[in-house]
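Undergrad: need a structure here:
(chains A and B)
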2 protein chains.
Amino acid sequence: MSLLVVGSIAFDSIKTPDTSIEDTLGGSSVYFCLAAGFFAPVRLVGVVGEDFPKEHIRMLEERGIDASGLEVVEGGETFRWSGEYFENMNKRETLSVSLNVLEDFEPKIPDNFRDSEFVFLANAAPSTQLSVLDQVENPKFVMADTMDLWIQTQQADLKDLFKKIDGVVINDDEALLLTDTRNIIEAGKRILDMGPHRVVVKKGEHGALLFTHEKVIPLPAYPLHDVRDPTGAGDSFAGGLMGTLARAGEAEEGNFKGALANAVVVSSYCCEDFGVTRLQRTTSADISRRFEDYKGLLTI
Amino acid sequence: MSLLVVGSIAFDSIKTPDTSIEDTLGGSSVYFCLAAGFFAPVRLVGVVGEDFPKEHIRMLEERGIDASGLEVVEGGETFRWSGEYFENMNKRETLSVSLNVLEDFEPKIPDNFRDSEFVFLANAAPSTQLSVLDQVENPKFVMADTMDLWIQTQQADLKDLFKKIDGVVINDDEALLLTDTRNIIEAGKRILDMGPHRVVVKKGEHGALLFTHEKVIPLPAYPLHDVRDPTGAGDSFAGGLMGTLARAGEAEEGNFKGALANAVVVSSYCCEDFGVTRLQRTTSADISRRFEDYKGLLTI
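TA: Reported below is the predicted structural model:
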């Protein structure tokens, strides 16, 4: 079934204790598309500047991503982000952000995307996410990401959004911040009470937790010996999840666990090399193999 | 099969953000015994002072624990520990330690315990753990715990011990400290290289990782809504693990996963109330029910 993502497209500069890389392709919707693309075709809405190379767009299109909703701003520059990872690669610091064309971006959903059944609202101002939601006709399953900035500055809009959507993916720190609690299980339950009936709390190297009104399901991360760059892990997690759900056509609890396992697997590949490079050279066969391995590891 | 534990017996004073409790029954071997006792009879070797109430000993004996290896020092006082938990209950600070009778304790393994097939060396000086090992005739599977203090002060003895035993349980922070690395997967592999062929890295609320020469198996924690007191969680985890292995009579990889699941389950009960109180009122039926629930949560 149709899957729409609205999110950022970026040039990222990334420092880790071992290496650094400049102006590599990134952004939440790019990671999402590459991950979801293993499971279902994706419709992309976003904005770039005139400096954005056409080969990136071709690369996405070759992977079944419909980039016709990509707005190219004449004379504009693409959003740039730079960040640094420390010690154990779990915590990072943003070094600089140049919003550029993202600053005045008001997503317009093309007419032929308005019937999208699965929708992912990648991290953006809740007011922007709400405006996207208004442009989609009758979606079956809408999931959103957010970040600490919006929890601190636009919490009313965020809670308004949460009343109107089906699912939320959120980092553990952000879940605690949003719910003002110290127990992550309590935090997940409080977010359920805000409206969404599926809440996924991401815990980085420690995996994720799915909250439904019936259950709390823990998923460990796939054990990675060599984490080279966790940038985009959360967005590729969301891509693996939403892509699998869109392929299944239903977001029932039964489908959800397999979808989360694919999310774990595809995000594990993402971390194995810098930027999007590992996802680009990952095959569907790789995904299937690691999925079976992961499933076996968890079977008691 | 026979299971021996050598470790501390204590009066604990525990502070959490919500409550505090004084001089409650604790110690690594007590938690271990209560947890392992759900699965197999346990032989206990340890030391207490004259102040140690006989009803505690009776309580252990009623649970199938052979306390005949318990040394009572005339005129001596039992080991006392006090600690405080902060915010999210994951980190704690030791407030005071009175070694008392533990200071000069040299464990003597009674003759009728020397044929023990499964042996758990709870946290103690590696030199003490080595002396216990020397007193056991031909054990089938020996596992040890340790702590940062011994990694920092007796690392040579610790590495000598690791060459002679089958398994290690260790906290994530301590595994990183011991191996001087920042990646927990790398740390586990390096500990395997030190000798033991089963390494379990405990990650508190994030579960545990089992390392063998073939695989790394991640186990999430059982999701707990209300963590009242994590004291003893690591020792009851070890108890659940070793108790299940002793019951099976073999420590093969096939048995290990079920044993780890029991470890997760029994340590989750431990955290639900202060000290040993929750383990005391837990039944085998509770354990079986939560085991099935946990297994189901992990089935993809």
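
Undergrad: Please enumerate the helices of the stretch 201-300 of chain A.
TA: Under the criterion DSSP state H, counting those that start in this stretch, the stretch 201-300 of chain A contains helices at A:233-248, A:253-270, A:277-280, A:284-298.

Undergrad: can you tell which of the ones you listed is closest to A:Val97?
TA: Nearest to A:Val97, of all the helices of the stretch 201-300 of chain A, is helix A:233-248, at 16.4 Å by C-beta to C-beta. From N, CA and C alone the C-beta is placed, and that goes for glycine too.

Undergrad: Of the helices of the stretch 201-300 of chain A, flag the one that's most buried.
TA: helix A:233-248 (a mean of 28; mean count of other C-beta atoms under 10 Å in any protein chain shown).

Undergrad: what's that helix packed up against?
TA: Under the contact definition 3 or more C-beta pairs under 8 Å, 6 or more residues apart in numbering or on different chains; DSSP states H and E, helix A:233-248 sits against strand A:3-6, helix A:28-36, strand A:118-121, strand A:141-145, strand A:167-171, strand A:198-202, helix A:253-270.

Undergrad: could you dump the helices of the stretch 201-300 of chain A to TSV with mean pLDDT?
TA: Written out in TSV, the entries for the helices of the stretch 201-300 of chain A read as follows (pLDDT from 0 to 100):
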stretch	mean pLDDT
helix A:233-248	98
helix A:253-270	95
helix A:277-280	97
helix A:284-298	97
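
Undergrad: Looking at the ones you listed, which is nearest to B:Gly75?
TA: Once the helices of the stretch 201-300 of chain A are compared by C-beta to C-beta, helix A:284-298 is nearest, at 53.2 Å.

Undergrad: Is the closest one in proximity to chain B?
TA: Yes. Contact between helix A:284-298 and chain B, assessed by C-beta under 8 Å from any C-beta of the partner chain, occurs at A:294-295, A:297-298.

Undergrad: residue nearest the centroid of chain A?
TA: Nearest to the centroid of the C-alpha atoms of chain A, with distances taken as C-alpha atoms, centre = their mean, sits A:Asp235, at 2.4 Å.

Undergrad: thought that residue was touching A:Leu34?
TA: No. In this structure, A:Asp235 is not within contact of A:Leu34 by C-beta atoms under 8 Å, at 9.1 Å.

Undergrad: re the thing from before, got JSON lines for the helices of the stretch 201-300 of chain A, with distance to A:Ala208 too?
TA: Rendered in JSON lines, the data for the helices of the stretch 201-300 of chain A read as follows (distance: least, C-beta to C-beta, whole Å):
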{"stretch": "helix A:233-248", "distance to A:Ala208": "7"}
{"stretch": "helix A:253-270", "distance to A:Ala208": "7"}
{"stretch": "helix A:277-280", "distance to A:Ala208": "18"}
{"stretch": "helix A:284-298", "distance to A:Ala208": "13"}
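
Undergrad: And the helices and strands packed on helix A:233-248: which comes nearest B:Gly49?
TA: Checked against C-beta to C-beta, the stretch from those lying closest is strand A:198-202, at 45.8 Å.

Undergrad: angle of the closest one against strand A:167-171?
TA: With axes from the mean of the first three to the mean of the last three C-alpha atoms, to 10 degrees as the basis, strand A:198-202 and strand A:167-171 are set at 20 degrees to each other.

Undergrad: Ramachandran coordinates for A:Ile14?
TA: Reported as degrees, to the nearest 10, the phi and psi values for A:Ile14 are phi -130, psi 130.

Undergrad: what about it, how many residues close to it?
TA: Taking other C-beta atoms under 10 Å in any protein chain shown as the criterion, the count of residues near A:Ile14 is 25.

Undergrad: OK, contacts around it?
TA: Contacts of A:Ile14 were listed using C-beta atoms under 8 Å, 6 or more residues apart in numbering or on different chains, and they are A:20-21, A:24, A:82-85, A:229, A:231, A:274-275.

Undergrad: try 7 Å this time
TA: A:Ile14 makes contact with A:20-21, A:24, A:83, A:229, A:231, A:274-275, according to C-beta atoms under 7 Å, 6 or more residues apart in numbering or on different chains.

Undergrad: do A:Leu298 as well
TA: Taking C-beta under 7 Å, 6+ apart as the criterion, A:Leu298 is in contact with B:298, B:300.

Undergrad: Apply 6 Å and report the result again.
TA: A:Leu298 sits next to B:Leu298 when contact means C-beta atoms under 6 Å, 6 or more residues apart in numbering or on different chains.

Undergrad: what's in contact with the worst-scoring helix or strand of chain A on mean pLDDT?
TA: For chain A, counting by mean pLDDT, DSSP states H and E, strand A:92-98 ranks last in confidence among helices and strands (a mean of 92). Identification of contacts with strand A:92-98 by C-beta under 6 Å, 6+ apart yields A:80-85.

Undergrad: Now do the helices in the stretch 1-150 of chain A.
TA: In the stretch 1-150 of chain A, helices defined by DSSP H, counting those that start in this stretch lie at A:28-36, A:54-62, A:126-135, A:148-153, listed in chain order.

Undergrad: Now mean neighbour count too, for these, in a markdown table please.
TA: Rendered in a markdown table, the data for the helices of the stretch 1-150 of chain A read as follows (neighbours: other C-beta atoms under 10 Å in any protein chain shown):
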| stretch | mean neighbour count |
| --- | --- |
| helix A:28-36 | 31 |
| helix A:54-62 | 14 |
| helix A:126-135 | 19 |
| helix A:148-153 | 14 |
